[in-house]
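# below are the sequence and a predicted model for it; my questions follow.
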Amino acid sequence: MFYLASQSPRRRQLLEQIGIDHRTLDVDVEEVRAAGESPDDYVSRVARDKARAGFALVRNEAGAIVLGADTEVVLDDEVFGKPAVEADAIAMLRRLSGREHRVLSVVWAVAGSGETTTRSISLVRFAPLTDDAIAAYVATGECFGKAGAYAIQGRAAAFIENLTGSYSGVMGLPLFETARLLADR
Ligand SMILES: Cc1cn([C@H]2C[C@H](O)[C@@H](COP(=O)(O)OP(=O)(O)OP(=O)(O)O)O2)c(=O)[nH]c1=O
C-alpha cells in the first residue's frame, strides 16, 4: 500500500494523475532551515522528515511505502517558503519580479526495506511585475499555502516567461521522477 504523508490536495491529485492509488497521512513537520544548511539539504531533510513521520504511523503494516515531499523557491541562496501574511507575499513577489529563480522539489520513499529519494530542480523566470499587478494577485489569496507566494497552476501562470524543468515539480510533486523512484524500488 502506498501512502502520501501530505496535507496538500495538489500532491494527492498529482499522484493520482500517474495512477498511484494511495492513502494520505497527516504529519506535522517543522519547516525551519538550520544555520549553515544549504537550500538543497534543507528541502531534502524536510521531505525525508515528512516521509519518516508518516512511516512511523504505518510501520506495522507489511509492505507499506510512504512518500513525503517538499517544495521550496530559492533565489540567491535564500529559501522562500509559504507567506504568512500579505506583506510577506508582496515582498516575495517583488523579489521574484523580472528574474529567474530555482524551484526545488524533493521526494523521499520510506519503507521497511529502506529509503530512496529523487528530486527536480526547475528554473522559472518571472516577467517584470508592477506593484499593482502584485497587489491584485495577492488580493486573490492564491499566494497563500504556496512556496514563493505563487501558483504556476493558477493565475501566476500569466507571470511566467519561461520554465525549464518539471511543471509538476513546481506544483509540488515531480511526476516523472516520482514514477521512476517507485518503479526502481
Ligand atoms: C511554486 C509553487 C508551489 N506550490 C505549492 C506546492 C506545495 O504544496 C507548497 C509548498 O509547501 P510544502 O511545504 O512543500 O508543502 P505543503 O505544506 O503544501 O504540504 P505538505 O507538507 O502537507 O505535503 O507550494 C504550488 O502549488 N504551485 C507553485 O507554483
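In hand now; what should we look at? Residues are numbered from 1 along each chain as shown.
# tell me which parts of this protein are close to the ligand?
Contact residues (C-beta under 6 Å from any ligand atom) of the chain with the ligand: 6-8, 10-11, 31, 50, 69-71, 73, 82, 103, 145-148, 150-153, 170-172. Heads up, the C-betas are built off the backbone N, CA and C, glycines and all.
# helices along this protein, start to end?
9-17, 39-58, 86-96, 131-139, 167-171, 175-183 (DSSP state H).
# deepest of those helices, which one?
helix 167-171 (a mean of 23; mean count of other C-beta atoms under 10 Å).
# just put the helices of the chain in a markdown table and tack on distance to residue 157.
Output for the helices of the chain, formatted as a markdown table (distance: least, C-beta to C-beta, whole Å):
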| stretch | distance to residue 157 |
| --- | --- |
| helix 9-17 | 14 |
| helix 39-58 | 23 |
| helix 86-96 | 14 |
| helix 131-139 | 11 |
| helix 167-171 | 10 |
| helix 175-183 | 18 |
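# looking at the ones you listed, which is nearest to residue 124?
helix 167-171 (6.5 Å; C-beta to C-beta).
# report the mean per-residue pLDDT for the closest one.
For helix 167-171, mean pLDDT rounds to 98.
# what does it rub up against?
10, 14, 17, 71, 103, 105, 120-122, 124, 151-153, 163, 174-177 (C-beta atoms under 8 Å, 6 or more residues apart in numbering).
# check stretch 14-25 too.
Contacts for stretch 14-25 (C-beta under 8 Å, 6+ apart): 1-7, 12, 54, 57-58, 66-67, 168, 171-173, 175, 178-179, 182.
# how far does it sit from its chain's centre?
Averaging C-alpha positions (C-alpha atoms, centre = their mean, to the nearest Å) puts stretch 14-25 16 Å from its chain's average.
# ok, stretch 19-27 next?
16 Å.
# likewise for stretch 77-95?
Taking mean C-alpha positions (C-alpha atoms, centre = their mean), stretch 77-95 and its chain are 15 Å apart.
# give the bridge partners for the residue nearest to the spatial centre of the chain, please.
When the chain is reduced to its mean C-alpha position, the closest residue under C-alpha atoms, centre = their mean turns out to be residue 71, at 2.3 Å. Beta bridges link residue 71 to residue 105 when assigned by DSSP bridges.
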